[in-house]
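Trainee: sharing a sequence plus its predicted fold:
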Amino acid sequence: MSQNQLDNKSAAWSALFSEPMSDLVKRYTSSVFFDKRLWQVDIAGSLAHAEMLCHQGIISQQDHDAIVAGMATIRSEIEAGQFDWKLDLEDVHLNIEARLTQLAGDAGKRLHTGRSRNDQVATDIRLWLRGEIDLIHGLLLDLQKALVTLAEQNTEVILPGFTHLQVAQPVAFGHHMLAYVEMFARDAERMVDLRRRVNRLPLGSAALAGTSYPLDRQRVAAALGMEGVCENSLDAVSDRDFAIEFTAAASLCMVHFSRMSEELVLWMSQSFGFIDIADRFCTGSSIMPQKKNPDVPELARGKTGRVVGHLMGLITLMKGQPLAYNKDNQEDKEPLFDTVDTLKDTLRIFVDMVPGIRVRPEAMERAASRGYATATDLADYLTRKGLPFRDAHETVAHAVKSAIAKGVDLSELPLAELKGFNAHIEEDVFEVLSLRGSLQARNIQGGTAPRQVRAQIERHRQRLA
Ligand code: ARG
């Protein structure tokens with residue numbers, strides 16, 4: 001190839017083409033300006049392929065040496081920001097291969113033996129995504145640890161538990177935080193599980209049908225730390241289900257962030273006043289001097305939309321494609337990259353923000369003591385005295401109605417008056433009607449009693465150690 005041919009991608013597919021591509025079509029069909037972020041895995045995949053070609057006697061030791069040396073140069077050029085990425089060369093693969101050929105001559109041109117960009121790109125995305133999954137998994141562990149610590153500091157702090165956003169029953173703030181630990185633990189579990197399906201090798205599938213060269217696919221898989229090879233060449237080059245699956249798991253994780261963010265935003269509002277978020281995660285208003293807005297949780301809630309959108313994008317990208325590879329698949333990268341970037345940033349920022357959440361126990365308890373949060377406890381008390389639960393429920397409803405009319409809490413009604421609803425009610429009812437009594441009573445596995453919350457914390461600590 002002449003220098004001129006190397007700069008022009010039509011050189012990569014022979015003299016068949018008789019007219020040049022317009023600039024618009026070049027821009028439309030190229031991916032280099034976003035897929036260049038795959039350069040490290042592209043080189044890693046090429047080196048594993050070249051080593052295997054040499055081992056199998058398909059290329060010479062000299063060619064292999066020239067490829068290794070050329071790739072080392074390319075690596076340092078890219079790291080130094082001196083690599084000349086060319087739109088004309090369409091994508092990261094052709095850019096690197098063309099430069100290798102400049103550096104290594106015919107050895108560079110032999111690298112693509114038994115390989116196609118179709119199995120090359122599928123391998124690159126899998127390798128890249130595997131690395132990102134590992135980072136995300138580590139961040140999910142850090143986040144869980146931060147939440148467990150926050151839970152531990154607030155095991156006995158009481159906040160109103162809501163259903164329908166109406167005060168329901170008192171719960172420990174620690175218990176509430178541990179609910180999110182469970183969600184993020186499942187997100188981490190999903191990452192581990194889907195990583196196995198990401199970590200399989202397409203190389204050796206070539207364009208779609210496999211290759212006539214005696215490649216050793218197992219050798220390449222082992223060199224790249226992959227758990228196995230994709231067993232069907234058509235499937236290997238064309239399906240992106242592993243990326244869809246990852247984006248689905250990322251969407252769920254973002255949904256968990258979004259729910260948590262919604263609560264943080266509510267809790268930080270003046271009407272709740274349950275928490276404060278460190279200033280560095282908030283912004284002010286350009287017009288209202290008193291404002292401190294919880295921008296980070298608001299944006300996490302907002303960014304959930306774009307990740308869920310990427311899931312829709314990717315799954316729709318796949319649905320109409322006949323086997324095997326289609327250029328449609330080039331559109332997998334931007335949504336996947338943005339999903340990874342958004343999730344990682346959100347994780348990092350929450351890992352930093354969670355320890356800076358200041359809890360206001362008085363405000364939470366005050367809110368819990370309005371709204372008759374211990375009414376169920378009174379019904380349970382009467383049930384223990386022998387009343388059928390449905391009757392107890394009815395009796396307590398009368399008591400609540402009368403307390404509402406008087407503008408007091410159930411615990412503020414005098415014993416004589418409570419006895420009027422049921423003669424079995426004794427002095428010990430006031431402990432039952434207290435927030436703390438209510439909390440202690442839910443001493444069941446998974447319940448909010450401080451003992452149970454401490455047991456949960458212990459379990460998580462051991463798991464996350
Ligand atoms: N840039 C392409 C992609 O991202 C690489 C594979 C191109 N293969 C092809 N036959 N045109 O999918």
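Mentor: Right, received. Where do you want to start?
Trainee: and for whichever residue of the stretch 201-350 of the chain sits closest to the ligand, the neighbour number?
Mentor: Across the stretch 201-350 of the chain, the shortest distance to the ligand (CB to the nearest ligand atom) belongs to residue 330, at 3.6 Å. Just so you know, the C-beta spots here come from the backbone N, C-alpha and C atoms, and that holds for glycine as well. Summarising burial for residue 330: neighbours were counted as other CB atoms under 10 Å, giving 18.
Trainee: now it. Nearest residue, chain neighbours left out?
Mentor: Spatial nearest neighbour of residue 330, excluding adjacent residues (CB to CB, 6 or more residues apart in numbering): residue 31 at 5.1 Å.
Trainee: verify the contact between that neighbour and residue 91 for me.
Mentor: Yes - applying CB atoms under 8 Å, one finds residue 31 in contact with residue 91, separated by 4.6 Å.
Trainee: these two: which is more packed in?
Mentor: Counted by other CB under 10 Å, residue 31 and residue 91 do not tie: residue 91 has more neighbours, with 26 against 19.
Trainee: number of nearby residues for residue 220?
Mentor: Residue 220 - counted by other CB under 10 Å - has 23 other residues nearby.
Trainee: name the element it belongs to?
Mentor: Per DSSP states H and E: residue 220 is located in helix 217-223.
Trainee: for the following helix or strand past that helix, the distance to its chain's centre please.
Mentor: Where DSSP H and E defines the elements, the next helix or strand beyond helix 217-223 is strand 228-229. Relative to its chain's centre, strand 228-229 lies at 25 Å (CA atoms, centre = their mean, to the nearest Å).
Trainee: thinking again about what came up before, which other helices and strands does the helix holding residue 220 contact?
Mentor: Judged by 3 or more CB pairs under 8 Å, 6 or more residues apart in numbering; DSSP states H and E, helix 217-223 is in contact with helix 39-55, strand 200-201, strand 228-229.
Trainee: what are the buried residues along it?
Mentor: Neighbour counts using 16 or more other CB atoms under 10 Å place 217, 219, 220, 221, 223 of helix 217-223 among the buried residues.
Trainee: give me the contact list for it.
Mentor: 48, 49, 51, 52, 55, 200, 201, 203, 204, 227, 228, 229 (CB atoms under 8 Å, 6 or more residues apart in numbering).
Trainee: again, only this time at 6 Å
Mentor: With CB atoms under 6 Å, 6 or more residues apart in numbering as the test, helix 217-223 has contacts from 48, 52, 201, 203, 204, 229.
Trainee: same question, stretch 350-365
Mentor: Stretch 350-365 has contacts (CB under 6 Å, 6+ apart) with 142-143, 146-147, 150, 154, 157-159, 273-276, 278, 281.
Trainee: repeat that with 7 Å
Mentor: Stretch 350-365 has contacts (CB atoms under 7 Å, 6 or more residues apart in numbering) with 139, 142-143, 146-147, 149-150, 154, 157-159, 173, 257, 273-278, 281, 296, 435.
Trainee: buried residues, it. List them.
Mentor: Quick answer for stretch 350-365 (16+ other CB under 10 Å): 350, 351, 352, 353, 354, 357, 359, 360, 364, 365.
Trainee: what about it, start to end distance?
Mentor: This stretch, stretch 350-365, spans 26 Å end to end (CA to CA, to the nearest Å).
Trainee: residues near residue 23, how many?
Mentor: 10.
Trainee: got it, and residue 342?
Mentor: 19.
Trainee: re the thing from before, so which of the helices and strands packed on helix 217-223 is nearest residue 450?
Mentor: strand 200-201 (46.8 Å; CB to CB).
Trainee: packing partners of the closest one?
Mentor: helix 217-223, strand 228-229 (3 or more CB pairs under 7 Å, 6 or more residues apart in numbering; DSSP states H and E).
Trainee: is it possible to get CSV of those that adds distance to residue 338?
Mentor: Listed next are the helices and strands packed on strand 200-201 as CSV, based on distance: least, CB to CB, whole Å:
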stretch, distance to residue 338
helix 217-223, 29
strand 228-229, 29
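Trainee: make TSV out of these and add distance to residue 375 and mean pLDDT.
Mentor: Conversion of the helices and strands packed on strand 200-201 to TSV gives the following (distance: least, CB to CB, whole Å; pLDDT from 0 to 100):
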stretch	distance to residue 375	mean pLDDT
helix 217-223	62	98
strand 228-229	58	98
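Trainee: in TSV: these, plus distance to the ligand.
Mentor: Converted to TSV, the helices and strands packed on strand 200-201 look like this (distance: least, CB to the nearest ligand atom, whole Å):
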stretch	distance to the ligand
helix 217-223	18
strand 228-229	19
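Trainee: before we move on, the earlier item: I'd guessed the residue nearest to residue 330 sits against residue 332; true?
Mentor: No - at 10.0 Å, residue 31 does not count as touching residue 332 under the criterion of CB atoms under 7 Å.
Trainee: now do the strands in the stretch 51-200 of the chain.
Mentor: 158-163, 166-172, 200-201 (DSSP state E, counting those that start in this stretch).
Trainee: now the stretch 351-465 of the chain
Mentor: Under the criterion DSSP E, counting those that start in this stretch, the stretch 351-465 of the chain carries strands at the ranges 357-359.
Trainee: just the closest residue of it to the ligand, please.
Mentor: Counting by CB to the nearest ligand atom, the stretch 351-465 of the chain gets nearest the ligand through residue 351, at 32.4 Å.
Trainee: how far away is that residue from residue 184?
Mentor: Using CB to CB, to the nearest Å, residue 351 is found at 11 Å from residue 184.
Trainee: give the residues shared as contacts by those two.
Mentor: residue 143.
Trainee: any idea which residue sits dead centre in this protein?
Mentor: Residue closest to the mean C-alpha point of the chain, counted by CA atoms, centre = their mean, is residue 250 at 3.5 Å.
Trainee: if I've got this straight, that one is in a helix?
Mentor: Yes - using DSSP: H, G, I helix; E, B strand; the rest coil, the assignment for residue 250 is a helix.
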